[in-house]
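S.K.: Return atomic coordinates for the entry below.
(one chain, ligands or ions: 1)
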Amino acid sequence: MSAFMANHGLSGNIMTQSIESIESFAALQLPAPLLTALADVGYETPSPIQAACIPILLAGRDLIGEAQTGTGKTAAFALPLLARLDLAKKVPQALVLTPTRELAIQVAEAFQKYAHHMPGFHVLPVYGGQSMVIQLRALSRGPHVIVGTPGRVMDHLERKSLNLNRLSTLVLDEADEMLRMGFIDDVEWILEHTPKERQTALFSATMPDPIRRIAQRYLREPEQVKIRSATTTVAAIKQRYWQVRGADKLEALTRMLEVEEEFEAALIFVRTKTATVDLAEKLEARGYEAAALNGDMTQGLREQVIERLKSGSLDIVVATDVAARGLDVPRISHVINYDVPYDTESYVHRIGRTGRAGRTGNAILFVAPREMRMLKAIERATRQPIEPIQLPTRGAVAERRVTQFKQQILDVLGEENLDFFYEVVRRMESEENVATRQIAAALAFLAQRERPLQPDGVDVPEYPAAPPRPERPAFAERTERGDRTERPAKAEWTERPPRAERPPREAREPRTFAADQVVRYRIEVGRNQGALPKEIVGAIANEGGIEGKLIGQINLFDDYSTVELPSLPPEVLDILKRTRVRQLPLKIRVAEVGEGDVRRPPAKPRWDKERVPARESPRKSPWETQTQERRPASAEFPSKPPYRSEKKPKPFGKPADKPPVKKRPY
Ligand code: AMP
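M.R.: Residues are numbered from 1 along each chain as shown. Below you'll find the model as predicted:
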């Protein structure tokens with residue numbers, strides 16, 4: 001057995017490969033169209049189960065793979081099956097049996113994804129509950145691969161609507177689940193009704209006796225591949241997991257990062273190269289100092305990222321397993337397993353990047369309900385329970401922001417000379433007839449505008465009632481038109497109208513633009529990039545803080561589009577240059593003469609139309625509908641972590657042992 005196999009706990013009669021050769025899919029001798037598809041989806045290296053199974057299945061051998069969801073087992077059988085297909089023959093050549101329709105669909109989708117560059121390839125999922133008529137029609141078109149649940153496959157075999165005479169490979173996926181769900185007789189029946197000379201692969205997370213018996217009876221001299229879990233101690237690391245439930249993983253991640261107490265720097269693990277870039281960009285857009293680390297980057301670039309993480313100019317690195325191998329940065333206080341690792345070995349390796357140099361480390365694992373077995377395996381391997389955690393509530397995040405905010409005020413009070421500012425406040429009090437507390441509240445409001453202390457969805461905290469201030473005169477406030485009206489003295493700063501009565505954030509804090517000047521801008525996404533007008537409206541409205549109703553005519557061309565907007569100030573242009581639609585920066589600029597001209601007469605800019613607030617207006621024009629569909633900026637909470645003067649605010653409070661950051665003008 002090779003060192004690689006031993007390292008990954010693989011046992012059985014497995015062909016020996018050197019570690020170098022298993023570092024790439026190309027070394028596994030997969031055909032070029034598959035390699036291209038793998039590059040498209042961003043897989044960097046084969047997972048251990050893939051490295052072990054692909055050569056066996058390519059060689060036409062039978063196989064028993066002890067592997068659960070999350071190990072990459074689908075690609076482990078799908079890739080060699082695809083490599084062995086004869087696309088010219090429009091008959092089922094491979095059958096995959098799965099316990100559930102969800103898994104059948106998922107596996108069929110995986111085939112489709114890997115066969116992206118195999119024109120003419122056809123896979124068909126068949127499962128109970130789906131219309132027979134549709135299935136019969138689809139079967140008659142001659143799919144190359146069938147993925148189905150045992151009952152429905154049996155039905156079709158009995159009706160003779162499915163002919164498996166030319167079947168060369170049969171895969172039993174999640175065999176122990178099929179046993180548990182009572183399908184094992186059907187499975188045996190199907191095995192009896194397929195050609196004897198077929199290749200058979202059986203994947204199962206566990207090997208109960210009935211499955212073992214099936215393997216003995218129907219498989220021919222199978223090779224065995226097992227991911228063994230070596231036990232390891234990871235004492236200095238506090239391990240927790242969060243069960244991914246419906247909620248968006250990115251939203252969960254940002255909330256956790258905001259509330260984690262001991263946070264200093266995080267290493268976040270994802271599975272693909274594409275995901276490293278994608279997630280790092282999304283975190284950057286939310287104000288975190290984040291960068292990707294993956295095998296596609298040159299050695300020089302990778303070293304730069306690691307140096308920046310060490311020096312503190314980066315707080316988050318999003319990496320693949322391979323790229324993070326051997327990383328030793330004592331600042332890493334958290335390892336986040338955003339995607340589950342393939343095996344316990346790689347989990348242990350990942351979390352070993354934290355808790356270094358005698359510090360305590362934190363590991364958080366995101367685990368989907370289907371991947372709970374992996375969690376159990378990790379607990380067994382590390383001989384430690386992993387504690388569940390709840391998603392921090394919006395309220396908890398808000399509370400944390402308030403705490404940090406208060407601390408910053410105290411820091412300024414303790415460290416800065418504020419004489420000039422006291423004088424400004426004193427003058428304001430006497431000249432404008434307002435109380436210090438009102439001024440303070442207004443300043444707090446201004447300071448937190450970009451990153452709200454009290455984001456949408458968070459209730460107003462219950463502050464103790466302020467003591468009465470009979471000496472203070474009622475204050476005056478300005479109406480939208482600018483004239484002064486008396487507001488009842490009762491209206492204390494603690495008394496805000498209930499959230500439901502307040503207008504949405506966009507309406508409360510719109511940027512103001514000179515709406516009388518319409519400028520046609522060019523953006524670098526168009527039809528070929530799949531951009532939709534509603535996405536463009538959404539991105540410009542949300543990122544540029546431009547009310548939807550101010551966004552006028554949008555013309556889509558093949559590789560660019562034009563948008564009519566009010567004249568934008570440089571700082572908004574700057575933001576919109578970097579704003580992305582379909583992953584591409586808009587690179588907005590004023591359109592040249594003729595750019596954006598289309599034959600049909602340009603529609604009137606919408607701000608020339610009836611001036612009614614977007615939310616109240618009857619939505620008649622398509623643009624109104626698009627505005628309506630756009631993602632509200634506030635839904636992104638927590639969009640940005642609070643209160644840093646730097647361009648890219650640091651998301652978290654510094655760990656307790658660090659001195660507070662000195663100057664933080666707002
Ligand atoms: P599975 O265990 O087959 O359910 O796969 C779990 C997840 O891992 C799927 O989302 C796959 O797309 C992903 N995956 C499988 N193989 C690889 C690989 N070699 N590199 C990165 N991601 C992978």
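
S.K.: Would you mind naming what in the stretch 151-300 of the chain lies close to the ligand?
M.R.: 271, 272 (CB under 6 Å from any ligand atom). In short, each C-beta sits where N, CA and C put it, glycine included.

S.K.: The closest residue to residue 522 other than its chain neighbours - how many residues pack around it?
M.R.: In this structure, residue 522 finds its nearest non-sequential neighbour in residue 591, 4.0 Å apart by CB to CB, 6 or more residues apart in numbering. The number of residues packed near residue 591 is 20, by other CB atoms under 10 Å.

S.K.: And the one 4 residues further on, by the same measure?
M.R.: The burial metric for residue 595, expressed as a neighbour count using other CB under 10 Å, is 16.

S.K.: Backbone torsions only: list them for it.
M.R.: When read as degrees, to the nearest 10, the backbone of residue 595 gives phi -70, psi 130.

S.K.: Could you tell me the per-residue confidence at the closest residue to it other than its chain neighbours?
M.R.: For residue 595, ignoring the flanking residues on the chain, the nearest one in space by CB to CB, 6+ apart is residue 522 at 5.4 Å. Looking at residue 522, its pLDDT stands at 93.

S.K.: is it true that residue 522 lies in a strand?
M.R.: Yes: under DSSP: H, G, I helix; E, B strand; the rest coil, residue 522 sits within a strand.

S.K.: I figured residue 521 hits residue 588, correct?
M.R.: Yes: using CB atoms under 8 Å, residue 521 is in contact with residue 588, at 5.2 Å.

S.K.: Mutual contacts of these two, please.
M.R.: By CB atoms under 8 Å, 6 or more residues apart in numbering, residue 521 and residue 588 have these common neighbours: 563, 568.

S.K.: related to what we said a few turns ago, I'd like the distance between the residue nearest to residue 522 and the ligand.
M.R.: 41 Å (CB to the nearest ligand atom, to the nearest Å).

S.K.: Residue 253 too?
M.R.: 17 Å.

S.K.: again, but for residue 586
M.R.: Residue 586 is 30 Å from the ligand, by CB to the nearest ligand atom.

S.K.: repeat for residue 314
M.R.: Taking CB to the nearest ligand atom, one finds residue 314 at 24 Å from the ligand.

S.K.: Contact partners for that residue?
M.R.: With CB under 8 Å, 6+ apart, residue 314 has these contacts: 265, 289, 290, 291, 305, 308.

S.K.: So the residue nearest to residue 595 is in contact with residue 559, correct?
M.R.: No: using CB under 8 Å, residue 522 is not in contact with residue 559, being 10.6 Å away.

S.K.: And the two? Which one has more around it.
M.R.: residue 522 (19 against 11).

S.K.: beta partners of that one?
M.R.: residue 562, residue 589 (DSSP bridges).

S.K.: quick one: the nearest residue to residue 115 once chain neighbours are set aside and the ligand, what's the gap?
M.R.: Once flanking residues are discounted, residue 115 sits nearest to residue 121: 4.1 Å by CB to CB, 6+ apart. Distance, residue 121 to the ligand, using CB to the nearest ligand atom: 18 Å.

S.K.: In contact with residue 121, which residues are there?
M.R.: Here residue 121 is in contact with 82, 85, 87, 111, 112, 115, 144 (CB under 8 Å, 6+ apart).

S.K.: Give the rounded mean pLDDT of stretch 244-251.
M.R.: Mean predicted confidence for stretch 244-251 is 81.

S.K.: what comes up buried for that stretch?
M.R.: residue 244 (16 or more other CB atoms under 10 Å).

S.K.: Against which helices or strands is the helix or strand residue 158 falls within packed?
M.R.: Here residue 158 is covered by helix 150-159, with elements defined by DSSP states H and E. Secondary-structure packing of helix 150-159 (3 or more CB pairs under 8 Å, 6 or more residues apart in numbering; DSSP states H and E): strand 94-97, strand 123-126, helix 132-140, helix 184-192.

S.K.: Show me which positions of it end up buried.
M.R.: For helix 150-159, a neighbour-count test (16+ other CB under 10 Å) marks 150, 152, 153, 154, 155, 156, 157 as buried.

S.K.: wait, isn't the third one in contact with residue 97?
M.R.: This means residue 153. Yes: Residue 153 is within contact range of residue 97, at 6.6 Å (criterion: CB under 8 Å).

S.K.: can you list residues touching both of these two?
M.R.: With CB under 8 Å, 6+ apart as the test, residue 153 and residue 97 both reach residue 190.

S.K.: Do a quick rundown of the helices in the stretch 301-450 of the chain.
M.R.: Applying DSSP state H, counting those that start in this stretch to the stretch 301-450 of the chain gives helices spanning 344-351, 372-382, 394-415, 419-432, 436-447.

S.K.: Pick the most deeply packed of these.
M.R.: Ranked by average neighbour count under the criterion mean count of other CB atoms under 10 Å, the helices of the stretch 301-450 of the chain are headed by helix 344-351 at a mean of 23.

S.K.: Show me what that helix packs onto, helices and strands only.
M.R.: Going by 3+ CB pairs under 8 Å, 6+ apart, helix 344-351 lies up against strand 332-337, strand 361-367, helix 372-382.

S.K.: Distance-wise, check residue 267 relative to residue 121.
M.R.: 38 Å (CB to CB, to the nearest Å).

S.K.: same question but for residue 435, I mixed them up
M.R.: With distances taken as CB to CB, residue 435 is found 73 Å from residue 121.

S.K.: Tell me the residue of the stretch 551-666 of the chain that sits nearest the ligand?
M.R.: When scored by CB to the nearest ligand atom, the stretch 551-666 of the chain has residue 583 as its residue closest to the ligand, at 18.7 Å.

S.K.: That residue: neighbouring residues, count only.
M.R.: There are 12 residues near residue 583, going by other CB under 10 Å.

S.K.: ok so, going back, which pLDDT value belongs to the residue nearest to residue 115?
M.R.: At residue 121, the model reports a pLDDT of 97.

S.K.: same deal with residue 543?
M.R.: Looking at residue 543, the pLDDT reads 79.

S.K.: That one reaches residue 574, doesn't it?
M.R.: No: taking contacts as CB under 8 Å, residue 543 lies outside contact range of residue 574: 10.7 Å.

S.K.: Need the contact partners of the helix holding residue 158.
M.R.: 95, 97, 126-128, 130, 135, 139, 146, 148, 162, 164, 178, 183, 186-187, 189-190, 193.

S.K.: so residue 75 makes contact with residue 114?
M.R.: Yes: under the criterion of CB under 8 Å, residue 75 makes contact with residue 114 at 6.7 Å.

S.K.: of all the residues in the protein, which ones are close to the ligand?
M.R.: 43-44, 46-47, 50, 69-75, 271-272.

S.K.: Give me the subset of these lying in helices.
M.R.: Those of the residues of the chain next to the ligand mapping onto helices are 50, 73, 74, 75, per DSSP state H.

S.K.: Can you tell me how far residue 164 is from residue 139?
M.R.: Residue 164 is 11 Å from residue 139, by CB to CB.

S.K.: Residue 537 contacts residue 550, doesn't it?
M.R.: No: the criterion here is CB under 8 Å, and residue 537 misses it with residue 550 at 10.4 Å.

S.K.: any idea how far the ligand is from residue 333?
M.R.: In this view, residue 333 and the ligand are 26 Å apart by CB to the nearest ligand atom.

S.K.: Tell me how many other residues crowd that residue.
M.R.: 22.

S.K.: Next, the contact list for it, please.
M.R.: 260, 262, 263, 264, 265, 266, 354, 359, 361, 362, 655.

S.K.: any idea of the pLDDT on the nearest residue to it once chain neighbours are set aside?
M.R.: Spatially, and ignoring its direct neighbours in sequence, residue 333 is nearest to residue 264 (4.0 Å; CB to CB, 6+ apart). With respect to pLDDT, residue 264 scores 93.
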